[in-house]
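# Sequence first, predicted coordinates after that:
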Amino acid sequence: MKMIELDHVNKIFGNGVGRVQAIKDISFAAKSGELSLVLGPSGSGKSTFLTIAGGLQKPTSGTVKIGGIDVGSLSAKERDRLRLNKVGFVLQNYDLLPYLTVKEQFQLIQRVSSQTISQQELKKLLKELGIDQLVNKYPPQLSGGQMQRVAIARALYQKPAVILADEPTAALDSQRVQVVGKLLTNLAHQRGETVIVVTHDERLRSFADHVYQIIDGQMTMES
Amino acid sequence: MFLAWHEIKREKVRYGLVIAMIVLISYLLFMLVGLMDGLKNENTAAIEEWRTETVWLNKGSNDRLAESVLTYQQVASLPQTDHFSLIGDQPVKMELDRQHHRHAQTLQFIGLNSTEFIAQKRVMLTSGHQVRNSQQLVLDNSLKQKGYRLGDWVVLNGGTKKFRIVGFARNAKINISPVAYGTLKAWQQLRGGNFAASAVISDRKSHDSGYELKRYSVQQFINKLPGYTAQNATLQLMIAFLLVISLVVIAVFLYILTMQKKQQYALLRAQGIPAKTLVMATISQSLLLIITGLVISTGLTVLTVHLLPAGVPIMFKINNMILMGIGMVAIGVLGALVPALMIVRIDPLDALK
């Protein structure tokens, strides 16, 4: 099932001499149980692709569907709700609040989202990710790898239709890249999640089911 | 509340400083309100104890009790009822010359007619008995702390006539001066001339007028007390400025704290956490800080009141304190609106920058 679909999407910033087309006629689809890797250098339009795919901003033209819902037809509040319930972000800076323990990061989501996994499933998930002993720790007390796993668990806690990861291996050594790569593959293959990773890190290539390249806003799929 | 409480708990030093600032501001506010109420009370305690509603002074008295004298003809021009009481007011110097204790005290001598309602019902004794003849005085309770005792003999204005202290009364203060209650006859002797009284007091609202008399409602009369309005206006202005300063300081603090958390908020917004949740977190954080600050400053104020010497004119009216507390809470909410506006405008896209 296609969990995320972009159809002839364009994104233009500014106008006149300052006009920049960040995304050029991209059509893209990702299914459940697949890990899609979107590679590209800095300034290629990767982040714009991620924000449009995640419903953070609307495209200038074209349609975006998340879990079958057309993002373009939604108000800002409805897009908030869609992100909360359908999209799990794993961002480069781990998006954890420094003053909440690992356990409290989940409690925060539970307070605002109507759709979370059960406490039993959460315990199982934390064990799978090897962070079940860290629930009472604050983010500054965790290593980069531990924070990343907590961020992934937090994203999965919302039962998302799709997981969007932005540069998840930035500043990690090769050994850690292997760990994160396997983790993302397992999310797709074992848990059946739709995982889209946007990165410039070629080391993740071997973990992907599909690899896309973005250069100057144009996306191509590698065979 | 969830985010607000956990952040305060984790960032104790940062929020401790904000609370300390709120404590100092609200402590100063409480002390100023206490001083204002204390001074008000010292001006009006006796007038309120008499349950005054209407006052008549001589038309030419320049609105001042001390400058008003009424003739018998003027007094007789008012209808005679049980709710009228004549008072004779005269500032005097009272001297005590007891063995090992000499003391001089400036006070307001208030002469009363023993058959009228103030002498009969509105001089509230804490010890001793009411004045029975023209050689007896009932003093304000505060004079006990200056060494005056029941049975002491005093002289007024350096005269030869001696007065015996036969009682002490509560709330016997007028225009920041203790009162010595005596008879109207004694007042006439002190004042000289053939006058009936200084003023007529009624404990009922009245529109009666008399010959060459000017009628005042109790509030008009109080507002005309020398220095009363200027003193109140000064303190009220200080309190108003302090409230405005509190608003600015709280808003600036919360704004700076929100600025520092802008990236965190953008991350939360990107995850789909509604702006409303973050705005409520900021408002509840402000309320938590203000209420904690108010509780501490109330404790400090109570402690200060116990440590202050009795002569300091400070008085805490629970209603006014609650009003100031509510004012501070309202200011906290208003102060949180500035960062709340900022939160609403945060672009979730900033999370990826």
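That came through, no problem.

# May I ask you to name the longest helix in chain A?
helix A:174-189 (DSSP state H).

# What residues of the helix or strand just after that helix count as buried?
Next along the chain after helix A:174-189, taking DSSP states H and E as the criterion, comes strand A:194-199. Within strand A:194-199, the residues that count as buried by 16 or more other CB atoms under 10 Å in any protein chain shown are A:194-199. Just so you know, the C-beta spots here come from the backbone N, C-alpha and C atoms, and that holds for glycine as well.

# And the pLDDT at residue 129?
I went with chain A, as the question did not name one. pLDDT recorded at A:Leu129 is 80.

# think we crossed wires, I meant chain B
95.

# Against A:Gly18, how distant is whatever residue of the stretch 201-350 of chain B ends up closest to chain A?
Distances between the stretch 201-350 of chain B and chain A by CB to the nearest CB are smallest at B:Gly272, namely 2.9 Å. Computed as CB to CB, to the nearest Å, the B:Gly272 to A:Gly18 distance reads 31 Å.

# ok, the two, which is more surrounded?
The neighbour count for B:Gly272 versus A:Gly18, taken as other CB atoms under 10 Å in any protein chain shown, is higher for B:Gly272 (26 against 7).

# Get me the contact residues on chain A for chain B.
Within chain A, the positions adjacent to chain B are A:47, A:50-51, A:54, A:56-57, A:77, A:80-85, A:87, A:89, A:91-93, A:95, A:97-100, A:104, A:107-109, A:111-113, A:138, A:166 by CB under 8 Å from any CB of the partner chain.

# Just the buried ones from those residues?
Applying 16+ other CB under 10 Å to these flags A:47, A:50-51, A:54, A:56-57, A:80-85, A:87, A:89, A:91-93, A:95, A:97, A:99-100, A:104, A:108-109, A:112-113, A:138, A:166 as buried.

# list the contacts for the residue of the stretch 201-350 of chain B closest to chain A?
Taking CB atoms under 8 Å, 6 or more residues apart in numbering or on different chains, we find B:Gly272 in contact with A:80-85, A:87, A:112-113.

# Next one, pLDDT for it please.
B:Gly272 is assigned 82 on the pLDDT scale.

# which SS state does it fall under?
Of the three states, B:Gly272 takes coil under DSSP: H, G, I helix; E, B strand; the rest coil.

# any idea how far B:Gly34 is from it?
Distance, B:Gly272 to B:Gly34, by CB to CB: 50 Å.

# got it, and B:Arg122?
The gap separating B:Arg122 from B:Gly34 is 26 Å, by CB to CB.

# How about A:Ile69?
Counting by CB to CB, the gap from A:Ile69 to B:Gly34 is 61 Å.

# Who has more neighbours out of these two?
Shown here are A:Ile69 and B:Gly34; by other CB under 10 Å, B:Gly34 has more neighbours (23 against 16).

# Help me confirm that that one is found in a helix?
Yes - checked against three-state DSSP, B:Gly34 lies within a helix.

# looking at it, it is touching B:Ile318, isn't it?
No - checked against CB atoms under 8 Å, the pair B:Gly34 and B:Ile318 is beyond contact range at 11.4 Å.

# Let's test this: mean pLDDT of stretch A:154-174, rounded?
Stretch A:154-174 comes out at a mean pLDDT of 82.

# For chain A, give me the ranges with low pLDDT.
Where chain A drops to pLDDT under 70, the residues are A:93-94, A:171, A:223.

# The stretch 251-353 of chain B too?
Scanning the stretch 251-353 of chain B for pLDDT under 70 picks out B:351-353.

# among the buried ones among the residues of chain A next to chain B, which are in strands?
A:87, A:89, A:166 (DSSP state E).

# show me what contacts the last one?
A:Asp166 makes contacts with A:47, A:50, A:89-92, A:198-199, B:352, as judged by CB under 8 Å, 6+ apart.

# switch the cut-off to 10 Å
A:46-47, A:50-51, A:54, A:89-93, A:95, A:196-199, B:270, B:351-352 (CB atoms under 10 Å, 6 or more residues apart in numbering or on different chains).

# Then the second one?
If you count contacts by CB under 10 Å, 6+ apart, A:Phe89 has them with A:50-51, A:54, A:56, A:83, A:95, A:151, A:154-155, A:158, A:160, A:162-166, B:267, B:270-272, B:348, B:351-352.

# Relative to chain B, which residue of chain A is the closest?
For chain A, CB to the nearest CB, closest residue to chain B: A:Leu84, 2.9 Å.

# just checking, that residue touches A:Val112?
Yes - the criterion here is CB atoms under 10 Å, and A:Leu84 meets it with A:Val112 at 6.6 Å.

# which helices and strands does the helix or strand hosting B:Gln74 pack with?
Secondary structure from DSSP H and E places B:Gln74 in helix B:72-76. Applying 3 or more CB pairs under 10 Å, 6 or more residues apart in numbering or on different chains; DSSP states H and E, one finds that helix B:72-76 contacts strand B:54-58, strand B:199-202.

# Out of those, which gets nearest to B:Asn223?
Of all the helices and strands packed on helix B:72-76, the one in closest proximity to B:Asn223, counting by CB to CB, is strand B:54-58 (11.6 Å).

# List the strands paired with the closest one, with their directions.
Paired neighbours of strand B:54-58 in the sheet (DSSP bridges): strand B:199-202 (antiparallel), strand B:213-217 (antiparallel).

# deepest of those, which one?
strand B:199-202 (a mean of 24; mean count of other CB atoms under 10 Å in any protein chain shown).

# Could you pull up the mean pLDDT of that one?
If you average the pLDDT values across strand B:199-202, you get 94.

# quick one: secondary structure of B:Ala186?
helix.

# hang on, isn't it packed against B:Gln135?
Yes - with contact defined as CB under 10 Å, B:Ala186 reaches B:Gln135; the gap is 7.7 Å.

# So for the two, which residue has more residues nearby?
With neighbours defined as other CB under 10 Å, B:Ala186 and B:Gln135 compare such that B:Ala186 has more, 25 against 15.

# Could I get the full set of strands for the stretch 101-250 of chain B?
With strands called from DSSP state E, counting those that start in this stretch, the stretch 101-250 of chain B shows them at B:101-112, B:125-128, B:136-140, B:153-156, B:162-169, B:179-183, B:199-202, B:213-217.

# Now render those strands as TSV, adding distance to B:Ile25.
Below are the strands of the stretch 101-250 of chain B laid out as TSV (distance: least, CB to CB, whole Å):
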stretch	distance to B:Ile25
strand B:101-112	37
strand B:125-128	37
strand B:136-140	35
strand B:153-156	46
strand B:162-169	38
strand B:179-183	37
strand B:199-202	41
strand B:213-217	36
